[in-house]
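Visitor: Structure for this input, please:
(chains A and B)
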Amino acid sequence: MKKVVIGLGVVGVFAVYSLGIRHQNPVISKPSSLASSSSSSGTKSASSSAGSSPSGSKKYKDGTYTGSAVNVYYGNVQVSATVSNGKITDVKFLQYPYTHATSVYINKQVMPYLKQEAIKAQNANVQIISGATYTSEGFRQSLQSALAKA
Amino acid sequence: MRATELIMGMPITVEICDHGASDHMKQVFDYFRTVDERYSPYKETSELSAINNGLPKKEWSEEMRAVLGMCEETEQQTDGFFNIRHRGKLDPSGLVKGWAIQQAADQLCSKGYKNFYIEAGGDIQVYGNSLDNEGWRVGIRNPFNTQEVVKVIQLSDYAVATSGTYIRGEHIYNPHNNNRPAQEAQSLTVIGPTIYDADRFATAAFAMGKQGMAFIDQLPGFEAYMITDQQTAILTKGFEKYVVEAH
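Guide: Take a look at the predicted model:
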């Protein structure tokens, strides 16, 4: 359940990103399919709203569907989506770029000269946004191509 | 004026605040296309693909040799964490993006532009001032909610590169799995004088994990901001002087 929620949270973003809206206020309204935010709840209602996107009210046929591999410059992203009872119940990564696939383990102890803080949304206007966005687009494309078969 | 094009599988944006920029702006995008033609690991026609298919070294272009030399140098500088050899193939993508932004920015500088930025896939080089304020305000994206910005920094004649991923299979999608490590890097943002360095060092430091923060910290002029999968941020002390405080 959680998989889909976060995955689709990623999906909507790139479209907005590529329209250049990010140059204005970064706090923009969410697409309705992302009604419950991506990070916290893994509830049934969240996953059912995710299951109905990205193509609105379409109900998917049960099964497992493999998306096409999408070149995201740093590597390929390819996902498979499993649909049960018309809802996406699982999204698996078959491929993702190795440069960003490295598992990184950090010790619990923070180095003394480093500061640690909770992250918090900022409302200040920004002109540019830094972030690793490319895999998101590949994910969106591959997932869409998987669901096109469902 | 500002324009965005999708090249190398990612959006590239150029904004120039000085007058008379349109032709030169187009040249920047054309430049990125030529870089893609030569260095794409996915295009069969690229020189890189030819090399990976056995093109003899004596036929490599001078520029390719120089770029691969930079990769080698970076590998040494990062204790092997930066590595372009995978499954017997070369892939310098982790360096080429920052290098290309740098080249393009240098070209604009040489034509007299003083107030502009170039951003490719979240990596940024800024010069001078924006139309709205002194320097440029750069937001760092929240990897847990990509529509949110969690830090705002203000920079001039500086660069920002973020390495990481918002999608990493099991680690993200099974947040309640007890077997996972307590803290894992979700994204690592590096700021420094040039995007060439910020990008290649961000790539290497991300692979280093916590040691990556120490690695960036000891580089003069570079600072880092790491978001962990515990939704906390770790920052180098010097990072704070670039931060725009929330209102």
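
Visitor: What values do phi and psi take at B:I216?
Guide: Reported as degrees, to the nearest 10, the phi and psi values for B:I216 are phi -70, psi -40.

Visitor: ugh, wrong one, I meant B:T4
Guide: According to degrees, to the nearest 10, B:T4 has phi -130, psi 130.

Visitor: Skipping adjacent residues, who's closest to it in space?
Guide: B:T13 (4.4 Å; Cβ to Cβ, 6 or more residues apart in numbering or on different chains). (Each C-beta comes from the backbone N, C-alpha and C, glycine too.)

Visitor: what helices or strands is the host helix or strand of the one you found leaning on?
Guide: If you go by DSSP states H and E, B:T13 is part of strand B:10-16. Here strand B:10-16 touches strand B:2-7, helix B:22-39, strand B:116-120, going by 3 or more Cβ pairs under 8 Å, 6 or more residues apart in numbering or on different chains; DSSP states H and E.

Visitor: List the contacts of B:I227.
Guide: A:119, B:140, B:142-143, B:150, B:164, B:185-188, B:233 (Cβ atoms under 8 Å, 6 or more residues apart in numbering or on different chains).

Visitor: what helix or strand does it sit in?
Guide: Per DSSP H and E: strand B:223-228 holds B:I227.

Visitor: strand partners of that strand, parallel vs antiparallel please.
Guide: strand B:185-192 (antiparallel), strand B:232-236 (antiparallel) (DSSP bridges).

Visitor: highest average neighbour count across those?
Guide: strand B:185-192 (a mean of 28; mean count of other Cβ atoms under 10 Å in any protein chain shown).

Visitor: from memory B:S61 sits against B:R38, does it?
Guide: Yes - in this structure B:S61 lies within contact range of B:R38 using Cβ atoms under 8 Å: 7.4 Å.

Visitor: and B:Y42, which of the three is it?
Guide: coil (DSSP: H, G, I helix; E, B strand; the rest coil).

Visitor: So what's the residue count around it?
Guide: 18 (other Cβ atoms under 10 Å in any protein chain shown).

Visitor: For it, report the pLDDT, please.
Guide: On the pLDDT scale, B:Y42 is placed at 84.

Visitor: Check the one 10 residues further on too.
Guide: Per-residue confidence at B:N52 stands at 96 (pLDDT).

Visitor: show me the residues around whichever residue of chain A sits closest to chain B that make contact.
Guide: Ranked by Cβ to the nearest Cβ, the top residue of chain A for proximity to chain B is A:G131, at 3.0 Å. The neighbours of A:G131, taking Cβ under 8 Å, 6+ apart as the test, are B:122, B:140-141, B:143, B:146, B:162, B:166, B:187.

Visitor: separation between it and B:M10?
Guide: Separation of A:G131 from B:M10 (Cβ to Cβ, to the nearest Å): 12 Å.

Visitor: what do these two both touch?
Guide: With Cβ under 8 Å, 6+ apart, A:G131 and B:M10 have no common neighbours.

Visitor: what comes up buried for stretch B:102-121?
Guide: Within stretch B:102-121, the residues scored as buried using 16 or more other Cβ atoms under 10 Å in any protein chain shown are B:102-105, B:108, B:113, B:115-121.

Visitor: Which of B:S61 and B:R38 has more residues huddled nearby?
Guide: When B:S61 and B:R38 are compared for neighbours, B:R38 comes out ahead with 19 against 11, by other Cβ under 10 Å.

Visitor: What pLDDT does the model give the more buried one?
Guide: 97.

Visitor: Excluding residues flanking it in the chain, which one is nearest it?
Guide: B:E47 (4.8 Å).

Visitor: Near the residue nearest to B:T4, how many residues? Count them for me, please.
Guide: 20.

Visitor: show me the contacts for the residue of chain B found nearest chain A.
Guide: For chain B and chain A, the shortest gap (Cβ to the nearest Cβ) falls at B:R141, measuring 3.0 Å. Residues in contact with B:R141 (Cβ under 8 Å, 6+ apart) are A:129-131, A:133, B:122, B:148-150, B:162, B:187.

Visitor: Using the three-state scheme, assign it.
Guide: Going by three-state DSSP: B:R141 is strand.

Visitor: who does it bridge with?
Guide: B:V149.

Visitor: Can you give me the distance of it to B:Q154?
Guide: 17 Å.

Visitor: Repeat that for A:N123.
Guide: A:N123 is 15 Å from B:Q154, by Cβ to Cβ.

Visitor: Once you drop chain neighbours, what's closest to B:L68?
Guide: With Cβ to Cβ, 6+ apart, the residue lying closest to B:L68 is B:P92, at 6.3 Å.

Visitor: If I look at the residue of chain A closest to chain B, what pLDDT would I see?
Guide: Taking A:G131 on its own, its pLDDT is 87.

Visitor: A strand includes A:D90, no?
Guide: Yes - in this structure, A:D90 lies within a strand as judged by three-state DSSP.

Visitor: what's the closest non-adjacent residue to B:Q27?
Guide: Counting by Cβ to Cβ, 6+ apart, the residue nearest B:Q27 is B:Q107, at 7.1 Å.

Visitor: returning to what we had before: what's the burial count for the residue nearest to B:L68?
Guide: B:P92: 21 neighbours (other Cβ under 10 Å).

Visitor: next one: the one 5 residues further on
Guide: Residue neighbour count, defined by other Cβ under 10 Å, stands at 29 for B:K97.

Visitor: Kindly report the same for the one 4 residues further on.
Guide: Around B:I101 there are 30 other residues, counting by other Cβ under 10 Å.

Visitor: Next: B:A66.
Guide: 11.

Visitor: three-state assignment of it?
Guide: helix.

Visitor: close enough to count as contact, B:A161 and B:D199?
Guide: Yes - if you go by Cβ under 8 Å, B:A161 and B:D199 touch, sitting 4.1 Å apart.

Visitor: Identify the contacts common to the two.
Guide: B:98, B:123, B:190.
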